[in-house]
Structures are given as structure tokens and as C-alpha cells.
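1. Sequence and predicted structure are below.
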Amino acid sequence: MLRRRWTGPLLLGLSLTLVVPLSASASPPAEASPGAAAADSVGQRADEASVPLEDVTVATEQVAFGLRRPTAVEAPDDGTNRLFITEKLGTVRVYHPDTGLEAEPLFDISDAVDPSGNERGLLGIALAPDFTESQELYLAYTALPDGAVTLARYRLDRGELEELLSQEHAEYNNHNGGQLAFGPDDHLYWSIGDGGGSGDPFDAGQRLDTLLGKILRLDVSGSCGELAYCVPEDNPFVGVEGAREEIWLYGLRNPWRFSFDSADGSQWIADVGQGRWEEVNHLAPGEGGHNLGWSCYEGLEVFDEDRCLPGEVYTDPVFTYPLTGGNCAVIGGHVYREEEFADLMGGTYVAVDYCSYRTWGLREDGAGGYHAAEIGEMPTQVTAFGITSEGDWYVVNDLPGGLHRVTFEGPEEEEPSTCRVDWNAHTWATGLTAEITITNTGTEPVSGWSLGFALGADHTLVSGWNAAFSHSDGVVTATNAPHNETIAPQGSVSIGFLASHSGDTSPPGRFSLNGAACATAD
């Protein structure tokens, strides 16, 4: 959703209308959502889930131990099914599903990395599109001696590290960003936080003369002039006086993780909030130049009115959740486009909170909006998601130092009903008699049975026949008598009772025979 910023007395009135209840919120944008154009004629992509999001549960299994503060996960598409896992101190480890976590690092750049403070270190990794041939990969880290956020190319076959771009980040050690990913255009995208501290002390989010608080877009296939990279000519701020031309998006606080949907190329960005809201943004492929709001906005609320620019157009997040209930930082994942759980998760973006472990699924609703639901919990302190070339999902978690395989589960299938209940009641002012017929619709005899159903709290059971009746806390249990202990396939037994009531004579809504639900007559 695009939103134009106004000034003066009207500003306060508009900001008040943006305050929403402190609960997770999926925000329908005013225009069609980024993936809408890829939908088929019936409004649903062929690879989208068919199971409602509320019926899906995430599950994890720990498959490796002993990682030292893992920060990012990447998988080479070279047929090896390996995962490369970065560690904060500057090492890169290798995991294979068949052989586990290798004891020795793939390589080590700790001599170049400043890991001081909680958020500095080796933060991101991306493999060149031609990695199998070139053996080139790209690393984001905070560099010695002063913590500058740095992009470098690493030649795996030669063990060579080449610095490409650096942004000063000395005053505070937090909000470094660090995500790297090649987009569908084969350009490299890099997220950098707002410079740290609290409340955007440098006003970096809304400034275009700094790389802080931005996502950059770079052509790293060559060099241009004095630059070790090139700026794509269609970057949104090329030729804009005073602006850094590397900028692709701005108005970000600490975009720790972003990803591209492998189906439509749209970009999902999880931006860590200040003190009230975490947010997720979703942008159509090729849409640069958006102002995502920080530090004028946090989520959908005005954060600092003085940072709001007259006439500026801000792009709203599509999902927010509050920093309450143990939540602390959103960790963005990916859109599920793999085969194994396509019926459950196809087209679903997944994110988790670092502290509360709550996990959300987020889907486009086919009408230009989004639908979100909690789908369970991940392990503690997840820092990153990864997907192997075989389509398996993984997460790593920080201080526990584990690698976990991620799977998804749908609703348990109910066994088909093998019984039917017919209810026939005769009522008068303060009493009723009920005749109940139980039919075995299965193919096996039922030997020894108990029928359960709810009866209103204003009912008092007086007597019954053809079964032993009990009534406790509004639930009636009728147990077979010796003469009708067995119900043959397609056979029936009839029981009944007498009860008093004070007005409510509606029939029970559900019957169960030996704990299994029974069908009822229409």
C-alpha cells in the first residue's frame, strides 16, 4: 500500500487512524499484491497450497549440533545437496544430510572480521549464479578494525578474499543488516541497517546520501572505473544529485533477512522494529525506489513525526506483529515453492520471531491482500533459513548452535464415521423423553459400547432404559446393558431417558460412540 505523507494539523488526525490493536495484522494493500499477476484464471496458482493456513503446523528436527553462533545458510546448486553455514566469528561450515556437519570449516576469514558486540561478525553469504564454474561467493561482514559493514568476494578454489564495498559503522555495533542474495536479474542485493543505537540517531533511514538503512543493488560481474563493482543503469537513484546510486530501497531499520520468491521474483523483507512493531514488506519484481517508512514510521504507526517528509510516499508493510508477549525480532524466511509440502505450504511466506519462537505463515489472498496465521513454533533463537538444492528447508539457531530440518504438517484426518444416531424427543412444560437409536454403519460388530453427548446444564436426568446412564458436568454417558452389548454391522439398538428441564429442549449437537464421532440424521 502506498501512502502519501501530509503535514500540519491533519497529520495528527491521520496518524491516530493508523493505530491498530496490538495483535498480528496482515494488511491488504490498495493495489493488487505483487504476485497477483502470476495467478491463473481462477485466482489461484497451480503451485499454491490447498489446505487452509490455520490447519498447517510447522515441525522441526535437530540434525546437527556444535555450530558457533550460526548467522546465515546458503546451498550450492551443484548436485551435492550441501549447506554452507556462516558462523559469527568468521568461519563457514558444511553440512550434508548423509554425513552430517563437517568438523573442519570450509574456510575461515576470521582475520578480517570484527565480531565484537552481539550483532557484529560474519553475517551473510551468497553464491554467484555461476558458482559451480567460478567458485565465487560473496560475504557480508563487519570488518576489522572498526566494524565497517563490508561486502567481499571470496574465491573458494584460491582462498582469496577481495573487498568490494564498505560502509562506515563505527559508533554503534548493532543494526548491521547483512543479508545477501542474488535476484532474478542476477544482480546482488545487500541489506544494511540504519547505523545502530536507538531511534535512528543519524536519520539514516530517510537519507539518500548514506548506505545505512538501505537495500543495495549491485552488478558484481565486473568493475566500473574506480569501483570494484558496477551500478546497474536502472537503479532508481542513478543520476539523482546527492544520492548514493547503489540504493535500491530505503527507509529500513535493520533488514536482517530478505528473500526472493523463486516463482515470481517478488521480494520479501523482514525489518526488525524499534519497540512496538515488527514488519514484513512485499514488493513486486523490479520495483526499486520504495521508501519503507523508517524512521517516520514503525510498522503502520508514526514513530517520529519530525522524520516524516512533506509529500513523501511511503510503502506500507503487508504484515506487522507487536513487540509484546515475548516477541523481540522478526527473522524472515522464504516463500515455499518446493514439492514435498506444496499442498500445505505452496506460495506461503514463513517468518519467525527470534525470542518467542512464534512462527507465521503469510499468503496472498488472491484479491490483492494477505492472509496470515500462526503455524506453531520454531526452536529458540532462529537466525536464518536455508533451502538445499533438493528442496529441503532448514533453520539455524544462535546460542544453542543447532541446525534443524523444517517440515510441515496438515490436519489429522478423521476416521470415517461408523455409527449414526437418530434422536426423537417428546417435550412438555418442564420435562422431556428422548428415544435414541444407535446404528452401526461399519463392517465390524461393536462389542461393548458407550455413547456420549452433551445435555444442557438446566437438565436433570431422572431415569433411563436399555442402558446405564450417568450425567456429570453437562455430559451424559450411556453404557450398554447386557442384552444389547453387541451391535451387529448395519444393526441398531434403541435406548431412552426421562429428564426435567427449565426451557432449553434443543437436541445435542454431537454424539460419540466409544470416543468416535457419529453421524446424525438430517
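-> Structure received.
2. So which residues of the stretch 301-450 of the chain form strands?
-> Secondary structure of the stretch 301-450 of the chain by DSSP state E, counting those that start in this stretch: the strands cover 301-302, 313-315, 319-322, 330-335, 349-353, 358-364, 370-377, 382-387, 393-397, 402-409, 419-428, 431-440, 446-447, 450-454.
3. what's the closest of the ones you listed to residue 294?
-> Closest approach to residue 294 among the strands of the stretch 301-450 of the chain is made by strand 313-315 (9.5 Å; C-beta to C-beta). The way it works is simple: take the backbone N, C-alpha and C, and place the C-beta from them, glycine included.
4. Can you give me the buried ones in that closest one?
-> Buried positions in strand 313-315, judged by neighbour count with 16 or more other C-beta atoms under 10 Å: 314-315.
5. and what of stretch 98-118?
-> For stretch 98-118, using 16+ other C-beta under 10 Å, the buried residues are 101, 105, 107-110, 112-115.
6. Check which element follows the helix or strand bottoming out on mean pLDDT in the chain along the chain.
-> When the helices and strands of the chain are compared on mean pLDDT, DSSP states H and E, helix 9-17 comes out lowest with a mean of 27. The C-terminal neighbour of helix 9-17 among helices and strands, as given by DSSP states H and E, is strand 25-26.
7. residue boundaries of the helices in the stretch 201-350 of the chain?
-> Secondary structure of the stretch 201-350 of the chain (DSSP state H, counting those that start in this stretch): helices at 342-345.
8. show me where pLDDT drops low in it?
-> Filtered on pLDDT under 70, the stretch 201-350 of the chain yields no residues whatsoever.
9. how long is stretch 202-211 from one end to the other?
-> 12 Å (C-alpha to C-alpha, to the nearest Å).
10. Throw the buried residues of stretch 98-118 into JSON lines and include pLDDT, secondary structure and distance to residue 287, thanks.
-> As requested, those are exported to JSON lines (pLDDT from 0 to 100; DSSP: H, G, I helix; E, B strand; the rest coil; distance: C-beta to C-beta, whole Å):
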{"residue": "101", "pLDDT": "98", "secondary structure": "strand", "distance to residue 287": "39"}
{"residue": "105", "pLDDT": "98", "secondary structure": "coil", "distance to residue 287": "38"}
{"residue": "107", "pLDDT": "98", "secondary structure": "strand", "distance to residue 287": "35"}
{"residue": "108", "pLDDT": "98", "secondary structure": "strand", "distance to residue 287": "38"}
{"residue": "109", "pLDDT": "98", "secondary structure": "coil", "distance to residue 287": "34"}
{"residue": "110", "pLDDT": "98", "secondary structure": "coil", "distance to residue 287": "38"}
{"residue": "112", "pLDDT": "98", "secondary structure": "coil", "distance to residue 287": "34"}
{"residue": "113", "pLDDT": "98", "secondary structure": "strand", "distance to residue 287": "33"}
{"residue": "114", "pLDDT": "98", "secondary structure": "coil", "distance to residue 287": "34"}
{"residue": "115", "pLDDT": "98", "secondary structure": "coil", "distance to residue 287": "35"}
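11. Pull the most distant pair out of those residues.
-> Largest pairwise distance in the buried residues of stretch 98-118, by C-beta to C-beta, is 25.5 Å, between 101 and 114.
12. and stretch 386-404, which residues are buried?
-> Residues of stretch 386-404 classed as buried by neighbour count (16+ other C-beta under 10 Å): 386-388, 392-398, 400-404.
13. Only C-alpha atoms, please: export that stretch in CSV.
-> Extracted C-alpha coordinates of stretch 386-404, given in CSV (Å, rounded to 0.1, in the frame of the first residue of the first chain):
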residue,chain,number,x,y,z
GLY,A,386,18.2,-22.2,4.2
ILE,A,387,16.9,-24.5,1.4
THR,A,388,19.0,-27.2,-0.2
SER,A,389,19.1,-27.8,-3.9
GLU,A,390,16.9,-30.9,-3.2
GLY,A,391,14.2,-28.6,-1.7
ASP,A,392,14.7,-29.4,2.0
TRP,A,393,14.2,-26.5,4.4
TYR,A,394,16.5,-25.8,7.4
VAL,A,395,16.9,-23.2,10.1
VAL,A,396,19.9,-22.5,12.3
ASN,A,397,19.7,-21.1,15.9
ASP,A,398,22.1,-18.8,17.5
LEU,A,399,23.4,-19.6,21.0
PRO,A,400,22.2,-23.2,21.0
GLY,A,401,24.2,-23.6,17.8
GLY,A,402,21.9,-26.1,16.1
LEU,A,403,20.8,-26.9,12.6
HIS,A,404,17.2,-28.1,12.3
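14. Next, please give the residue ranges for the helices of the stretch 1-150 of the chain.
-> 9-17, 131-134.
15. what bridges to residue 138?
-> Per DSSP bridges, the residues bridged to residue 138 are residue 126, residue 153.
16. From residue 149, how far off is it?
-> Noted for residue 138: a distance of 13 Å to residue 149, by C-beta to C-beta, to the nearest Å.
17. same thing with residue 362?
-> Using C-beta to C-beta, residue 362 is found at 28 Å from residue 149.
18. Which residue, neighbours along the chain excluded, lies closest to residue 127?
-> Nearest residue to residue 127, sequence neighbours excluded (C-beta to C-beta, 6 or more residues apart in numbering): residue 137, at 4.9 Å.
19. Give the burial count for that neighbour, as a bare number.
-> 22 (other C-beta atoms under 10 Å).
20. and if you look at residue 67?
-> Using other C-beta under 10 Å, residue 67 has 22 other residues around it.
21. unless I'm mixing things up, it is touching residue 92, no?
-> No - Residue 67 is beyond contact range of residue 92, at 11.0 Å (criterion: C-beta atoms under 8 Å).
22. Quickly list what's touching both of the two.
-> Contact criterion C-beta atoms under 8 Å, 6 or more residues apart in numbering; residues shared by residue 67 and residue 92: residue 85.
23. how far away is the nearest residue to residue 65 once chain neighbours are set aside from residue 69?
-> The spatially closest residue to residue 65, leaving aside those adjacent along the chain, is residue 402, at 5.8 Å (C-beta to C-beta, 6+ apart). In this view, residue 402 and residue 69 are 11 Å apart by C-beta to C-beta.
24. need the contact list for residue 109.
-> Counting by C-beta under 8 Å, 6+ apart, residue 109 makes contact with 90-91, 122, 139, 141, 152, 154, 161.
25. Taking these, tell me the two that lie furthest apart.
-> 91 and 152 (14.8 Å).
26. For residue 102, give me its contacts.
-> By C-beta under 8 Å, 6+ apart, the neighbours of residue 102 are 93-96.
27. of all those, which comes closest to residue 55?
-> Nearest member of the contacts of residue 102 to residue 55, counting by C-beta to C-beta, is residue 95, at 31.1 Å.
28. My understanding was that the closest one contacts residue 76; is that so?
-> No - contact between residue 95 and residue 76 fails when scored by C-beta under 8 Å: they sit 12.0 Å apart.
29. So for those two, which sits in the more crowded spot?
-> Neighbour count, other C-beta under 10 Å: between residue 95 and residue 76, residue 95 has more, with 23 against 20.
30. Based on its surroundings, how many neighbours for the closest residue to that one other than its chain neighbours?
-> Leaving aside its sequence neighbours, residue 95 sits nearest to residue 83 (C-beta to C-beta, 6+ apart; 4.5 Å). Neighbours of residue 83 under the rule other C-beta under 10 Å: 24.
31. From residue 135, how far off is residue 83?
-> 17 Å.
32. Quickly list what the closest residue in space to residue 283 that isn't next to it in sequence is bridged to.
-> Ranked by C-beta to C-beta, 6+ apart and with sequence neighbours excluded, the top spatial neighbour of residue 283 is residue 267, at 4.8 Å. Beta bridges link residue 267 to residue 260, residue 283, judged by DSSP bridges.
33. Can you name the residues that contact residue 350?
-> Neighbours of residue 350 in contact, by C-beta under 8 Å, 6+ apart: 58, 333-336, 359-362, 375, 385.
34. cutoff 7 Å now
-> Residue 350 makes contacts with 333-334, 336, 359, 361, as judged by C-beta atoms under 7 Å, 6 or more residues apart in numbering.
35. And residue 436, by the same measure?
-> By C-beta under 7 Å, 6+ apart, the neighbours of residue 436 are 421, 423, 494-496.
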